[in-house]
Each structure stands twice: as structure tokens, then as C-alpha cells.
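Need coordinates for the below:
(one chain, ligands or ions: 2)
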Amino acid sequence: MEQRAWWKESVVYQIYPRSFCDSNGDGIGDLPGILSKLDYLHDLGVNVIWLSPVYRSPNDDNGYDISDYQDIMAEFGTMADFDAVLEGLHARGMKLVMDLVVNHTSDEHAWFVESRASKDSAKRDWYIWRPAKDGGVPNNWGSSFSGSAWEWDETTGEYYLHCFSRKQPDLNWDNPAVRGAVFDMMDWWCRKGVDGFRMDVISMISKPEGLPDTPMRPGQLYGDVMAPGGTCNGPHVHDYLKEMNRRVLSRYDLLTVGETAGVTVEEAQRYANAEGTELGMVFQFEHVGLDCGPGGKWTAGQFSLPALKENLAKWQYELEGKAWNSLFFCNHDQPRVASRWGDGSPAGAKCLATALHLMRGTPYVYQGEELGMTNCPFGPIENYRDIESLNAFRELTGAGRDPEELLSVIAQKSRDNARTPVQWDDGPNAGFTTGEPWIMVNPNYKTLNAAAEERDPDSVLNWFKALIRLRRESEWRDAVVYNSFRLLDPEHEQVFAYLRPGEETTLLVVCNLSAEKCVWTLPEDLPLDGAKLLLCSGPEPKAEGGALALAPWQAAVWAR
Ligand code: TEU
Ligand code: CA
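Ligands and ions are numbered 1, 2, ... in the order given. Just a heads-up that it's a prediction; the model follows:
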């Protein structure tokens, strides 16, 4: 039996503070706004909150560019406001996980200001500086936010590396002083009582020897920093995480999850190994890359349910007994799954949630996913706010891409789809703010909002409550958390069905992830008689001669 742990039995809810709830009418979400929603979160049943960055930041990348790790961004409130949220969560038996962004800082961080001041600065080697090569950039790496990953600094006549925006210079983790400063800061937060860390692009902290060029696809303007041989899963990343674990993590009872861009199952078995020498779990990104085209994120790809099932099953099989899995479809960087792999309907959102939440691993609910929030019809590029989308539009149209065609892909994939304000009610700005929201509110808030869904027993919100209760409180909770996994009918184009076999109980999960009804044949060795129906969206499908007639987007869970 898997070693038990509270973070394996948890359901985590991610808050993107800027878009969660605004308390003071400036159109920007904030910590007092979060405080006002703790009962809503407790009632949902989640027991851990992952808080996207609230540290001091110039907001070039909405807080993922930190200028002071031990102070709070003025727009979000004060450290006292933070302490009130932490205390409020603990008073409700809930936990708080911070977003640790230490692959890079803001260029306004005191460390970088000192580092860029002079080549002889004591902190020069805290970042990655290189002289020009053949009169230009040191290698072919491109930033994830377009352009070269190298920025020329006139003052000292060298380039510095930034895998993201030019205002997010990469820290040099090969420097023990950098590691020490990061570990001290982490310890400071742990002593304040936080319960863990989500670690931003932690797979990128150890850069490859000599910073070699990476392969370029035809038509690509730069080498991809996340391609093999680039910055992911570098030579010392596991040494540094073991050191982090020794010096900080192992001293506290924490949930730790690495955002490991470019991770494979083999690497995940190391990052999230069962011996607990590095992290508790990692986020993988293969499944959310399946519907990207050959040219990467900004080229249209085709969704295939068999391909998604194959990938998710691979991660279930390859990690079992070796490492703990995380389960997510949504976060602040991904479009809304209800639109992406559903048809935008509540039934689709409920069905997708069932497929995700009954697998083995810790599930993550992204703010608004519990409401079935959908992608937003932004229209013109002027309505977007995300640096990644805006820079891509400028760079790719500048390189000759048709603006209309590109805009249609941005509409599907932009991170801004996840960053529209949470829809609390049908009042002005969906109850998010009394002011002018920093980003447009999805016009469907009139009918898609928490207040309406709290009153509707068949809402997405009440379905999430039932899913979370099944995992956290029901008599089947151990089966949901710790049972094994076996995919059924891998090739079926509509149905995602799987077993969760265990010693005492086996769960059967059947999801018709399509807008069409279908008849699904039960495996011979799985007659349903005697099985107990635990959850079902719509009337229980009757098994006629071993075949289940499933309504569009119908999900059902049995135990036997
Ligand atoms: O994201 C890392 C990352 O790879 C993202 O660029 C993501 O894969 C991409 O946007 C998907 O298209 C982390 C944070 O989650 C993201 O919000 C930050 O912008 C980024 O790191 C830099 O801190
Ligand atoms: Ca505010």
C-alpha cells in the first residue's frame, strides 16, 4: 500500500489573486477579497489553497516577476492582509501553499539591480551574464515570451539571460550564494506557517554546460529554451532539489509540487520519488500539449480523446509505486478545459471533472473551473492583457503570419482565457469588482455564476462538491485516493472509462466525453449487478446485455 500522506488525500484549489475578488473597487483582485471568500472555498470542500504570487512585483508577468520575496504587492494589500488569509484558512482546517518563483526574479529586485551595476559587483554571478558572441547574442535561445532570451545591458556591455520576459532575469543556481538566499527565504515563509510551495519552472534552474544552441524547427525564429538540450531537467537540477529538501523542505510538513516544464515520466520519477528526497509531486505538460500544432502553441492542433487517454494512462501506470501524480486540466496558463475539450456546456464541464478527479493523484481545481467557466470571446488583440499572447501576436504578425488566422488560435489558447474575473453573481462585473476590471469579464456571467449555481442542485459547482466529498469524506475515499488504475477501451473515440482496482473495492468510472449519446459495452468480467452507483450525471444508464446507453456528456461512477 502506498505510504499515506495528507497531501495525497487533498484537493488543491488554485487562486490567481488578480482575477479572484476585488475588495476595494480598483478593479484588481486582492487579499481582502480572498479573505471574504474563505467560507465559499471551505464549503466547496477543498482543503488546500495554492496562491499564485502575491509578492512585491512590477507585474510585467502578473506577479511571476518578483522584486521582493518577503513583502506583499501593494495592489494585493499588506502583509497583515496576507496573515489574515493564512490565519483564516488555518482556522477552517485548510492549508496554504505559496507560489515559489525562483528560476528568475524581477529586474527590479535589489539582487539584480546590484548585479547589473558592474562586472565586479558582488552579485554579478547571481545571474547569467555573457559577452557578445560574433557580435551578437551568446546562443540561439528564444524567450517563452517571444524575442531572444538574451538582453543587451549597455552599462556593463554584456547580455543577461531571461527565459521569459526581459524583466525576468534568470538566477544562476550554480552559485551556492543564490541557493542559500533562496533557501533562507523559503525557511522564512515556513516559519510564518505556510504549508508548502508550488515551484515555478523548477525544472529549468540548472542550465546546460556551455549554454549550447537548441534545435530549431523550420520557420522558427529562435531555439526553444524548453527543447531537449535546453534549460529543462538540467545537469544539477536534482542535486539542487535534494539540497533544498535537506536544508528546508524536510524540516516541515509541506505539500510541494514542481511545475516541471519539459518533464518526462522518467524525470518525474526522480523529482517526485517515493523516498521523498526531492518534491512530493510534479505537474507534467504532455497532455496540454497534445492539441498544439507542429509549430507549437500558436499553431492549431487537433484534439483526440484516444491520445489524451493514452497520455493520462501512461502517467498513471509509470508513476504508480514510484512517485505521486498531480491531476490538472486547468491553471492560469491554460485555456478553460470546458471550452478546450468540452463544448462549453455545464454537462461537459462536469464530465471532464469526473474523468480527472477519479484518477490516482492529487487533483487541482483552478478558480472558476468549479463553475464550468469557459474561454472568453475577447475579439480584437486590444482586449488581451497577457504578455505571452501580446508578444506572440506582435512577433508572429511581424514575421508575416496572417493576423486573423493567428488571432483565431490566440482566442483558443491564450492564458487570458483563464484570467477573466471569477463570476460570483449576475450583478455588475459578475460581482468581481465595483470598479473597472483590469481585464474583460466573460459576458456569460449573467447565467454562469456562483450564486446561480449554489441554488441549482445540478450545477457544475454542486457536482464538484460531490466529487470532492467522494475523495475527501466518503467511505470510498481510500479507494479514490490509493487504488490502482486500469484504462478500459483505449481506442474508444467518445468514452473515457477506467477502473480503480483495489483489495476491497473496485471503482468503475465511465465518462461519455462527447456531445453525442453512445452505447458503451462493459467488459465481460465487469457485470454491474451488485455494484453501487456513487455518482451519476443524469438518469442511471441501464446496462442492457452488458451495454450502457450513455447520454451526451454523461458521467457515472460505481463501486463494487
Ligand atoms: O509557466 C511556465 C511556462 O512554461 C509557461 O510559459 C507556460 O508553459 C506557457 O505559458 C503555456 O503556454 C510559469 C508560470 O506558470 C507562468 O504564469 C509564468 O509566466 C512563467 O512560469 C514565468 O514565471
Ligand atoms: Ca483591489
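
of all the residues in this structure, which ones are close to ligand 2?
Taking Cβ under 5 Å from the ion as the criterion, the chain approaches ligand 2 at residues Asp22, Asn24, Asp26, Ile28, Asp30. (C-beta placed from N, C-alpha, C; glycine too.)

Would you point out which residue is most central in this structure?
By Cα atoms, centre = their mean, the chain has its centre lying nearest to Asn331, at 3.8 Å.

show me what contacts it?
For Asn331, the contacting residues are Gln14, Phe283, Tyr364, Tyr366, Ala418, by Cβ atoms under 8 Å, 6 or more residues apart in numbering.

Identify the farthest-apart pair in those residues.
Farthest-apart pair in these is Phe283 and Ala418; separation 14.5 Å (Cβ to Cβ).

Compare these two (neighbour count), which wins?
Shown here are Phe283 and Ala418; by other Cβ atoms under 10 Å, Ala418 has more neighbours (25 against 22).

and the gap between that one and Leu51?
According to Cβ to Cβ, to the nearest Å, Ala418 stands 15 Å off from Leu51.

same thing with Leu528?
42 Å.

which one of those two has more residues nearby?
More crowded of Leu528 and Leu51, by other Cβ under 10 Å: Leu51, with 24 against 19.

can I assume that one is in contact with Phe20?
No: between Leu51 and Phe20 there is no contact under Cβ atoms under 8 Å: 9.5 Å.

Could you pull up the residues touching Thr105?
Counted by Cβ under 8 Å, 6+ apart, Thr105 has contacts Asp65, Ile66, Ser67, Trp111, Phe112, Gln168, Pro169, Leu171.

residues touching the last one, list them.
Residues counted as contacts of Leu171 (Cβ under 8 Å, 6+ apart) are Val102, Asn103, His104, Thr105, Trp126, Tyr127, Ile128, Val178, Val182, Ile205.

quick one: low-confidence parts of the protein?
By pLDDT under 70, the low-scoring segments of the chain are 1.

at 90 what do you get?
Residue ranges of the chain with pLDDT under 90: 1-2, 216-220, 227-229, 294-296, 523-530, 538, 542-546.

residue in it nearest to ligand 1?
Of all residues in the chain, Tyr64 sits closest to ligand 1, at 3.4 Å by Cβ to the nearest ligand atom.

what about that residue, distance to ligand 2?
Counting by Cβ to the ion, to the nearest Å, the separation of Tyr64 from ligand 2 is 19 Å.

Apart from its chain neighbours, what residue comes closest to that residue?
Val101 (5.3 Å; Cβ to Cβ, 6 or more residues apart in numbering).

same thing with Glu151?
Once flanking residues are discounted, Glu151 sits nearest to Arg166: 4.4 Å by Cβ to Cβ, 6+ apart.

Return the set of buried residues in stretch 43-50.
Leu44, Gly45, Val46, Asn47, Val48, Ile49, Trp50 (16 or more other Cβ atoms under 10 Å).

and those, which two are the farthest apart?
Spanning the widest gap among those are Gly45 and Trp50, at 15.6 Å by Cβ to Cβ.

Pull out the CA atoms of the helix ranked longest in the chain and give them to me as CSV.
Longest among the helix segments of the chain by residue count, using DSSP state H, is helix 176-192. The C-alpha trace of helix 176-192 is given here as CSV (Å, rounded to 0.1, in the frame of the first residue of the first chain):
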residue,chain,number,x,y,z
PRO,A,176,25.8,28.5,-3.9
ALA,A,177,25.1,32.0,-2.6
VAL,A,178,21.9,32.1,-4.7
ARG,A,179,20.8,28.7,-3.4
GLY,A,180,21.5,29.9,0.2
ALA,A,181,19.5,33.1,-0.2
VAL,A,182,16.5,31.2,-1.8
PHE,A,183,16.6,28.6,1.0
ASP,A,184,16.7,31.3,3.7
MET,A,185,13.7,33.0,2.1
MET,A,186,11.7,29.7,1.9
ASP,A,187,12.5,29.0,5.5
TRP,A,188,11.2,32.4,6.5
TRP,A,189,7.8,31.6,4.9
CYS,A,190,7.8,28.2,6.5
ARG,A,191,8.4,29.8,9.9
LYS,A,192,5.4,32.1,9.1
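
List of residues touching whichever helix or strand comes after that helix?
Downstream of helix 176-192, the first helix or strand assigned by DSSP states H and E is strand 196-199. Contacts with strand 196-199, where a contact means Cβ under 8 Å, 6+ apart, come from 7, 48, 50, 95-100, 102, 186, 189, 254-259, 279-280.

would you list every one of the helices in the stretch 1-150 of the chain?
Assigned by DSSP state H, counting those that start in this stretch, the helices in the stretch 1-150 of the chain fall at 31-35, 38-44, 79-91, 110-117.

Residues touching the first one, excluding its own?
By Cβ under 8 Å, 6+ apart, the residues outside helix 31-35 that reach it are 15, 17, 20-24, 51, 54, 72, 76-78, 81-82, 84-85, 88.
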